[in-house]
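1. Following is a predicted model, sequence given first.
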Amino acid sequence: MSDVLLQTRGLARSFGPMKAVDDVSIAVRRGTITGLIGPNGAGKSTLFNLLTGTLAADSGTVMLGGADVTGLSPDRLFGRGLGRTFQIPRPFARMSVLENVMLAPLRQTGERLWGPFLRPGAMRDDERRIRDRALEVLDFVTLAPLADHPAGKISGGQMKLLELARVLMGDPEIILLDEPAAGVNPTLAGTLIEKIEELNRQGKTFVIIEHDMDFIMRHCDPIIALAEGRVVFEGTAAEAQANPVLLEAYLGTMADA
Amino acid sequence: MIGLISYLVFFTTVATILSIAVLGLNLQWGNTGLFNGGVAAFFGAGAYGTLILGGTPQEGHIGGFALPYPVALAGGMAAAGLLAWLVGRLTLKLRHDYLAIATFGVAVTFENVMRNAEWLSGGARGLRGFDRPLQELFASPLAYNAVFLGFVVVLLVATYAFLQRLVASPFGRLLRAIREDEEAAQSLGKSPARVRLISFVTGSVIMGLAGGLYGTFYAFVSPQDVLPILTFQIWAMLIVGGAGNNRGAILGAFLIWGAWTASGWALSRYAPVEAQIYAGSIQYVLIGSVIVGMLLWRPQGLFPERLVVSQRGRHPVPAAAE
């Protein structure tokens, strides 16, 4: 049974002499919330950028749903069912919250230059459908009352929810979240994780990068730990807690800092 | 009296034509965030293209080809679009200030080529031999100019309607998303390179239309018509009117063209004779001051961009009223 959704083999990327990601082979199983953890400089963000197509790998492969997607651009990856959010939220600031969300669906009739003129009827139907769906998704992430607000004027936590809503519009199979809880007030962080867990029950797969060990231990299973660009641990949360090597690698570095 | 009316018709025609160019720049900068510093080149490509295709055969340079006027005008627009496509393929990877420098260079190059490639453009003497369409049907130049004004107003309205429709459509949403954050848009499956190129070419075709009409109106174009100052004038119009707002773009065109014309007139009338030779430079200083002042004190322009453009939410009752 092939239940591996996202997989890397021998992935590597250097910046000058520094091997940021060094021979990383991981497998993310379908239906999991996989946590990716490691101290600062462990290569989490570089790995994340390799998985999302923002960076090109020096060597190694990335497989998504059994297909080789190494080197595909982020827009292509979104089309193949991989969504991502950003560590520092990137809303389309001078657009409304609703427009932010309505942007995401692919192949919209009105997205072509001539769409509004040659196929106005099809565009209107499309728009009605997309708007309904967008409002549903905004309801889900509790942002519907802010639909007409400028996306640049909502709180940081709300922006993280907005990014999740945007990604959901593309109905991806797997969603990569870059430090979803960082800098978010506890109430909104609670809402966010609640929504992530609900989506996970509906079958979505998540990969979460987090700095916060406690967050990862509580919400993610399995856990993959990186240190100095390499995978140093792969296993369940319980195993992670009992793993002296991991605790030392992680907490040791934290203590040095 | 006739003199005044005739002058007003002249003024309004030029302001209307420039409005069309400002609308083209608004699509690029206001909606997509593309810093086109070479407006004069695309405007010029439209003017030269139209006059070469629609003019009577001349000694010394190619054309004119005496094509029917609509074909010539469309050809001028196509020339601007083709130039934009070539320039866009080469430079659209560049970010804001670098794109501005590169396109500014394109415009300077364009002017120099027009000044020196006599076989193509007639060189510094400019392109002549263009008969304004249907002119023989009108008894007086004023009557012709009034009808021509009607023609350019119709084209301005059509361009405005086209762009308003576009901006309110999902395509407009896409442009604004690229403007706001390219990387985020790409993470949502959009192709920034493609969208930027489409916007750049479309905006430049509109500038080409403006240039074609300008050339038609004067039945003449020379390198003096495509100097960098034209780019700055068009930019001042957009910044004063309000980037991202098409109505603002048109208002800005009329205001700045009015101020430019009035300052030119005032300088020629009231400036001391010794200062007359500097009058042009003083106008340059004025236009620069307007741009800087506006950016400092009212960067959103007189007509700021509207926030919600494509679709609204459920109109919830504001919290305070509940």
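-> Nice, thanks for sending it over.
2. quick one: contacts for the closest residue in space to B:Val205 that isn't next to it in sequence?
-> With sequence-adjacent residues excluded and distances taken as Cβ to Cβ, 6 or more residues apart in numbering or on different chains, B:Val205 is closest to B:Gly81, at 4.3 Å. Every residue, glycine included, has its C-beta placed from N, CA and C. Contacts for B:Gly81 (Cβ atoms under 8 Å, 6 or more residues apart in numbering or on different chains) come out as B:201-202, B:204-205, B:208.
3. nearest to chain A, of those?
-> B:Thr202 (6.6 Å; Cβ to the nearest Cβ).
4. List the residues that contact residue 112.
-> The chain I'm using is chain A. A:Arg112 neighbours (Cβ under 8 Å, 6+ apart): B:Phe171.
5. sorry, should have said chain B
-> B:Pro223.
6. hmm, the longest strand belonging to chain A in reach of chain B?
-> Longest strand of chain A, by residue count under DSSP state E: strand A:4-15. No - residues of strand A:4-15 are not located near chain B by Cβ under 8 Å from any Cβ of the partner chain, the shortest gap being 16.0 Å.
7. which secondary structure elements does that strand contact?
-> strand A:18-24, strand A:27-29, helix A:44-51, strand A:59-64, strand A:205-210 (3 or more Cβ pairs under 8 Å, 6 or more residues apart in numbering or on different chains; DSSP states H and E).
8. Pipe the ones you listed into a markdown table and attach distance to A:Glu198, mean neighbour count and mean pLDDT per row.
-> Shown next, in a markdown table, are these (distance: least, Cβ to Cβ, whole Å; neighbours: other Cβ atoms under 10 Å in any protein chain shown; pLDDT from 0 to 100):
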| stretch | distance to A:Glu198 | mean neighbour count | mean pLDDT |
| --- | --- | --- | --- |
| strand A:18-24 | 30 | 20 | 93 |
| strand A:27-29 | 19 | 18 | 95 |
| helix A:44-51 | 23 | 24 | 94 |
| strand A:59-64 | 24 | 17 | 96 |
| strand A:205-210 | 11 | 23 | 94 |
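9. List just the one of the ones you listed that sits closest to chain B.
-> Closest among the helices and strands packed on strand A:4-15, using Cβ to the nearest Cβ: helix A:44-51, at 10.8 Å.
10. wait, does that closest one make contact with chain B?
-> No - Helix A:44-51 does not reach chain B (Cβ under 8 Å from any Cβ); its nearest approach is 10.8 Å.
11. Let me see the residues that make contact with that helix.
-> A:6, A:8, A:11, A:13, A:20-21, A:24, A:36-38, A:55-57, A:62, A:82, A:84, A:87, A:176, A:178, A:207, A:209, A:226, A:229.
12. rerun that using 7 Å as the cut-off
-> A:11, A:13, A:20-21, A:24, A:36, A:38, A:55, A:57, A:62, A:176, A:178, A:209, A:226 (Cβ atoms under 7 Å, 6 or more residues apart in numbering or on different chains).
13. Could you single out the nearest of these to B:Leu67?
-> Nearest to B:Leu67 among the contacts of helix A:44-51, counting by Cβ to Cβ, is A:Leu55 at 51.7 Å.
14. Can you check the pLDDT for that closest one?
-> Confidence at A:Leu55, expressed as pLDDT, is 94.
15. That one looks like it's in a helix, true?
-> No - the assignment for A:Leu55 by DSSP: H, G, I helix; E, B strand; the rest coil gives coil, which leaves it out of any helix.
16. How about the contacts made by the residue of the stretch 1-150 of chain A found nearest chain B?
-> Closest contact between the stretch 1-150 of chain A and chain B, by Cβ to the nearest Cβ, is at A:Ala147 (2.6 Å). A:Ala147 sits next to A:96-98, A:135, A:138, B:313-314 when contact means Cβ under 7 Å, 6+ apart.
17. May I ask which of the residues you listed has the most neighbours?
-> Neighbour count (other Cβ atoms under 10 Å in any protein chain shown) singles out A:Val97 as the most crowded of the contacts of A:Ala147, with 31 neighbours.
18. pLDDT score assigned to the nearest residue to A:Gly156 once chain neighbours are set aside?
-> Excluding its sequence neighbours, the residue lying closest to A:Gly156 (Cβ to Cβ, 6+ apart) is A:Gly183, at 5.5 Å. According to the prediction, A:Gly183 has pLDDT 82.
19. Which helix or which strand is home to A:Gly183?
-> Remark: A:Gly183 resides in no helix or strand, with elements defined by DSSP states H and E.
20. So for the longest helix seen in chain A, mean pLDDT?
-> Secondary structure of chain A per DSSP state H: the longest helix is helix A:120-140. Mean pLDDT, helix A:120-140: 95.
21. what sits against the residue nearest to A:Ser59 when sequence neighbours are not counted?
-> Spatially, and ignoring its direct neighbours in sequence, A:Ser59 is nearest to A:Ala12 (4.9 Å; Cβ to Cβ, 6+ apart). Contacts were defined as Cβ under 7 Å, 6+ apart; by that measure A:Ala12 touches A:19, A:21-23, A:57-60.
22. quick check, distance from the helix or strand of chain B with the lowest mean pLDDT to the centre of its chain.
-> Scoring the helices and strands of chain B by mean pLDDT, DSSP states H and E places helix B:279-297 at the bottom, with a mean of 89. Centroid separation between helix B:279-297 and its chain, computed with Cα atoms, centre = their mean, to the nearest Å, is 19 Å.
23. I'd like to know which elements that helix is packed against.
-> Secondary-structure packing of helix B:279-297 (3 or more Cβ pairs under 7 Å, 6 or more residues apart in numbering or on different chains; DSSP states H and E): helix B:228-241, helix B:246-270.
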